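In: got a predicted structure here, sequence first:
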Amino acid sequence: MTKSKRNVLLLIGSFQMGGAESQIVLLTRLLLEGGRYRPHLACLDRSGVLLDEAERLGIGEILEFPLTSFHDRNMITQLRRFAAFLREREIDVVHTEGFYTNVFGITGAALARVSVRIAFRGETGGWRTSKQNLIERSVFRFAHVVHANSEAVKEQLVKDGVPAKKIVVVYNGLDMRRVATPPEFRRAEALTIFDLPDGRRFVTIVANMRHEVKDHPMFLRAARRVRAAVPDAAFVLAGEGELTESLRALAAELGLEHDVFFTGRCEKVAELLAVSDVCVLSSKAEGFSNSILEYMAAARPVVVTDVGGAREAVVEGETGYLVQSGDDETMAARIISLLRDPQRAREMGEHGRQVVERRFSAQAQLENTQRLYDQFIARSESPLPQTTRNARREGV
């Protein structure tokens, strides 16, 4: 007898504020609201600001499977707990979120013989060591499919030796309500919230300060050039992490101490983007940036580095501009052109909002993810020739 709803387990590393973590919490809510699948959520670490949001979904207990290493007795203990949990909940699909959840979750799901095992890759490079990449590729053999969040990530996976037919691209989605300002929004009040001065035009970057791959120094070098050409420009860095103090020091070294504002972790993204004139991302590597989607959804023109899946979202010259990683001179020139032509900037921003609504909405993400689940559940239930079963077992 077929179950009325299939059980999907989404495995998240932690609930820290990050792109992949936010996407998992969003997908959990979308699946719950969609009603076709019954979502479950588990984690390796319960810490983080997104935990409250996840618990408010009311999907039941969020179990934690804490790891200290992939090579100790605790790993074996947690894998056994995880496999037992999957059997107890009758999980049909396990969908992971990144390197650590791929290694743990796909291995545990294989031990529990879960019907559909979906690994995830959300970056092109610059994040993992060669040893970690080797481990992950080995684990991918036990997955039925690898979910890539952009064509650029898929291309990198193929270069790394993952068969192209094993990779499916499902783009990140964005709930447009995240960037919608409340009816009572007032610019002056928003500036007060972020401790920003009145009478300035703001160039904003939203990116964590935990990883050098975000290349905030490129943004600051571009800021110095922009400030020289547009004296009323100011620069907002929203995000938190251990690199914050070194970036403050660099801003001072560049003579920007009165022009650069560090807002910390941003819980009011809509308000911050509403007071911003141009939005920037300076990363050396990305998969498919949530920040770019948020900028565009908030109708802001973007200037971003041409890495990862950026060009799959940004329409060059229509929703913003793409520049080479490390080229702060061109980045500054593009920002200056937008600040000097506010009408053109507004038109680009509006076009960007339309692109997100059409291609990267939360509804599109839900439909594409459910289609992925449907396809592989149907495949798992269909009788297969012995040669095909052997190929599946070998990760082909």
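Out: Cool, got the structure. Residues are numbered from 1 along each chain as shown.
In: all helices of the stretch 251-396 of the chain, in order?
Out: 269-274, 290-297, 310-313, 328-340, 342-359, 362-381, 386-393 (DSSP state H, counting those that start in this stretch).
In: which helices and strands does the fourth one pack with?
Out: The criterion is 3 or more Cβ pairs under 8 Å, 6 or more residues apart in numbering; DSSP states H and E, and the helices and strands that helix 328-340 contacts are strand 201-206, helix 216-229, strand 278-281, strand 302-305, strand 320-323, helix 342-359. Every C-beta, even on glycine, is put in place using the N, C-alpha and C of the backbone.
In: low pLDDT regions in the stretch 251-396 of the chain?
Out: Across the stretch 251-396 of the chain, the ranges flagged by pLDDT under 70 are 384-396.
In: if you could redo that for the stretch 51-200 of the chain, that was the one I meant.
Out: Scanning the stretch 51-200 of the chain for pLDDT under 70 picks out 126.
In: in stretch 23-40, what's buried?
Out: Under the neighbour-count criterion of 16 or more other Cβ atoms under 10 Å, stretch 23-40 has 23-31, 37-40 buried.
In: before we move on, what about stretch 148-162?
Out: Here stretch 148-162 shows 148, 149, 150, 151, 152, 153, 154, 156, 157, 162 as buried, counting by 16+ other Cβ under 10 Å.
In: got the CA positions of that stretch in CSV?
Out: Below are the C-alpha coordinates for stretch 148-162, written out as CSV (Å, rounded to 0.1, in the frame of the first residue of the first chain):
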residue,chain,number,x,y,z
ALA,A,148,23.8,21.4,-7.7
ASN,A,149,22.4,24.9,-7.1
SER,A,150,23.8,26.3,-10.4
GLU,A,151,25.1,25.2,-13.8
ALA,A,152,28.5,26.5,-12.8
VAL,A,153,28.6,24.1,-9.8
LYS,A,154,27.5,21.3,-12.1
GLU,A,155,30.4,22.1,-14.5
GLN,A,156,32.8,22.0,-11.5
LEU,A,157,31.5,18.7,-10.3
VAL,A,158,31.9,17.2,-13.8
LYS,A,159,35.5,18.5,-13.9
ASP,A,160,36.0,16.8,-10.5
GLY,A,161,34.9,13.5,-12.0
VAL,A,162,31.2,13.2,-11.0
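In: returning to what we had before: which of the buried residues of stretch 148-162 fall in helices?
Out: 151, 152, 153, 154, 156, 157 (DSSP state H).
In: circling back to that earlier point, deepest-packed of the helices and strands packed on helix 328-340, please.
Out: Mean neighbour count (mean count of other Cβ atoms under 10 Å) peaks for strand 278-281 among the helices and strands packed on helix 328-340, with a mean of 28.
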